[in-house]
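Novice: take a look and give me a structure for this.
(one chain, ligands or ions: 1)
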Amino acid sequence: MTTDIKEYDIIILGGGPAGLSAGLYAARGNVKTVILEKLIPGGQLNNTLEVENYPGMDHVTGPQIAQAMETQTKRFGCEIINNVETKTVSFTSDYKIIETDKGTFKAKVLIVATGSEYKKLGAPGEIEYSGKGVSYCAVCDGAFFKEKELVVIGGGDAAVEEGTYLTRYASKVTIVHRRNEFRAEKIIQDRAFKNPKINIVWDTTVPKINGDVLGVTSVTLKNTKSGEEKDFKCDGVFIYVGLVPNTVFFKDLVNLDSGGRIITNEKMETNVPGVYAAGDVRETPLKQAVTAAADGSLAATMALGYLETLHDKVAVH
Ligand code: NAP
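Specialist: Here you go, the predicted model:
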């Protein structure tokens, strides 16, 4: 190990709402804290235009909440380093060590707030036409489809909410769901059902995405009951078939559930002392910005208590 290892009391991996909230609580607790973020702070908030259910913040966009959280967290002295690529994570008896492309960081406490990313459908054409009509982000790419016909795949909050959002641009949005009812929240479903630009195809999967040199031209629809397949013309496909947790560095370090999510107790503690998890990366029944922020505050508060038991904080500069 080289001598230029940067030492902190608490390292937070991930700068979404869980990580930013953890950073705020940790820094307010007067311990030396850093957030290592792989892109820019905000996480999934950056892909969400309207956030209607963050209490106390009405008529606000995801990026606005992210920006406000970042500013507040920094104001209390939390360092945030963006565009950090994690190379390895390892634990010794005393330290949690993160090797990155921006140097090596170590701390007695690690809060894992790495969130999740969109699950791939796994259909032929998905990778080939990614960025050429296949997208996972309506806020990022919706405006490219003015007056076009789109297919949205999935039946959860994301598919139905983002499908509705896409009608701002598209002339028609067809939501294709593999069952005959959505799992999305009722208020989100009701809005979609009332939207004249939305068409819903039930009991159907998309086994193939088709296209030409310019991009997506159609999807193959397969009825799950009859097995019948047909070609359905469209200009773009938005895939919302769930989330996968970003736990690639943790599978041999902390206990995960069968879906790869980090298992914590109600104090956000993992099975490793000094390692906490917060937000979408952990096994949790609700994945919202507000629950992620709550997780982060709890993880940091528990971590502060843990550091007190060690009696040797790093001096805050
Ligand atoms: P989700 O709730 O896991 O829903 C995934 C949907 O995709 C389900 O309807 C599922 O069908 C379908 N699906 C899964 N694999 C499929 C496959 N291979 N082929 C076809 N369909 C497939 O995921 P989500 O909607 O991304 O939401 C994830 C979490 O974020 C949830 O906790 C949600 O409440 C939260 N959230 C998201 C937003 C947003 O992104 N706009 C907003 C609020 C909350 P089945 O129903 O048959 O399983």
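Novice: domain map for this protein?
Specialist: Following automatic domain parsing, one finds the domains of the chain at 5-117+243-310, 120-239.
Novice: tell me which parts of this protein are close to the ligand?
Specialist: 121, 153-159, 161-162, 178-179, 183, 205, 240-243, 287-288 (CB under 6 Å from any ligand atom). To be clear about C-beta, it is placed using only N, CA and C from the backbone, and glycine gets the same treatment.
Novice: rerun at 8 Å
Specialist: 44, 47-48, 53, 116, 118-119, 121-122, 153-162, 176-179, 182-185, 188, 205-206, 240-243, 280, 286-288 (CB under 8 Å from any ligand atom).
Novice: wait, residue 243 sits on residue 116?
Specialist: Yes - taking contacts as CB atoms under 8 Å, residue 243 lies within contact range of residue 116: 3.9 Å.
Novice: the more surrounded of the two?
Specialist: residue 116 (22 against 19; other CB atoms under 10 Å).
Novice: which residue does the stretch 1-150 of the chain have closest to the ligand?
Specialist: Closest residue of the stretch 1-150 of the chain to the ligand, CB to the nearest ligand atom: residue 121 (5.6 Å).
Novice: and if you look at the chain?
Specialist: Nearest to the ligand, among the residues of the chain, is residue 156, at 2.4 Å (CB to the nearest ligand atom).
Novice: contacting residues around that residue?
Specialist: For residue 156, the contact set (CB atoms under 8 Å, 6 or more residues apart in numbering) comprises 182, 183, 184, 240, 242.
Novice: among the domains of the chain, which is the most enclosed?
Specialist: domain 5-117+243-310 (a mean of 20; mean count of other CB atoms under 10 Å).
Novice: starting at the chain centroid, how far to that domain?
Specialist: 12 Å (CA atoms, centre = their mean, to the nearest Å).
Novice: and stretch 173-193, by the same measure?
Specialist: For stretch 173-193, the distance to the chain centre is 21 Å (CA atoms, centre = their mean).
Novice: ends of it, what's the gap?
Specialist: 12 Å (CA to CA, to the nearest Å).
Novice: who's in contact with it?
Specialist: 149-157, 159-161, 163-164, 166-167, 197-206, 219, 221, 224, 232, 234.
Novice: which stretches of the chain have low pLDDT?
Specialist: 1-3, 312-317 (pLDDT under 70).
Novice: would you list every one of the helices in it?
Specialist: 17-28, 62-75, 138-141, 157-166, 186-194, 289-310 (DSSP state H).
Novice: got those helices as a markdown table, with distance to residue 6 columns?
Specialist: Putting the helices of the chain into a markdown table (distance: least, CB to CB, whole Å) gives the following:
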| stretch | distance to residue 6 |
| --- | --- |
| helix 17-28 | 16 |
| helix 62-75 | 17 |
| helix 138-141 | 33 |
| helix 157-166 | 37 |
| helix 186-194 | 43 |
| helix 289-310 | 17 |
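Novice: re earlier: look up how far residue 18 lies from the residue of the chain closest to the ligand.
Specialist: 20 Å (CB to CB, to the nearest Å).
Novice: same question for residue 187.
Specialist: For residue 187 relative to residue 18 (CB to CB), the value is 24 Å.
Novice: ok, now which ones touch the closest residue to residue 31 other than its chain neighbours?
Specialist: Counting by CB to CB, 6 or more residues apart in numbering, residue 31 lies nearest to residue 9, which is 3.8 Å off, once chain neighbours are set aside. When contacts are counted by CB under 8 Å, 6+ apart, residue 9 is found next to 26, 31, 32, 33, 107, 108, 109, 307, 313, 314.
Novice: then residue 167?
Specialist: So residue 167 contacts 173, 195, 197, 198 (CB under 8 Å, 6+ apart).
Novice: cutoff 10 Å now
Specialist: The contact partners of residue 167, by CB atoms under 10 Å, 6 or more residues apart in numbering, come to 142, 150, 173, 191, 192, 195, 196, 197, 198.
Novice: many thanks, we can stop here.
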